[in-house]
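Enquirer: coords below, sequence missing:
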């Protein structure tokens, strides 16, 4: 007899990245109200994922600035 909650995980959903807000929430759950030393490996994993998000954002921001400078110096090429 199936329960009220279906525990099957949809295929491919495990490969998706977690949203940054979920990572921060998980890190806060380990850090507060008191640091859980048993979960330090989990915290390190979460922080490494946050670092990947930071690097991704930094790279995209860099390219956005490059394109902005390109169009500022060449007003005749303005895509608008």
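Expert: Sure, I can see it. Being a predicted model, the structure only gives us computed values, none of them experimental.

Enquirer: Could you use CA atoms for every contact and neighbour count after this?
Expert: OK.

Enquirer: can you map out the helices along this structure?
Expert: Remark: helices assigned in the chain by DSSP state H are 20-31, 40-73.

Enquirer: which of the ones you listed is buried the deepest?
Expert: helix 20-31 (a mean of 14; mean count of other Cα atoms under 10 Å).

Enquirer: Need the residues that contact stretch 41-55.
Expert: Applying Cα atoms under 8 Å, 6 or more residues apart in numbering, the contact partners of stretch 41-55 are 20, 23, 26-27, 30.

Enquirer: For the protein, which residue occupies the most central location?
Expert: residue 20 (3.8 Å; Cα atoms, centre = their mean).

Enquirer: Quick one: residues contacting residue 30.
Expert: Counted by Cα under 8 Å, 6+ apart, residue 30 has contacts 36, 39-40, 43.

Enquirer: Kindly recompute the last result at 10 Å.
Expert: By Cα atoms under 10 Å, 6 or more residues apart in numbering, the contact list for residue 30 reads 24, 36-40, 42-43.

Enquirer: check contacts around residue 65.
Expert: By Cα under 10 Å, 6+ apart, the neighbours of residue 65 are residue 71.

Enquirer: Tell me the predicted confidence for it.
Expert: On pLDDT, residue 65 comes in at 95.

Enquirer: before we move on, what about the one 3 residues further on?
Expert: For residue 68, the pLDDT comes out at 89.

Enquirer: Please determine how far it is located from residue 57.
Expert: 16 Å (Cα to Cα, to the nearest Å).

Enquirer: can you check residue 31 too?
Expert: As judged by Cα to Cα, residue 31 and residue 57 stand 25 Å apart.
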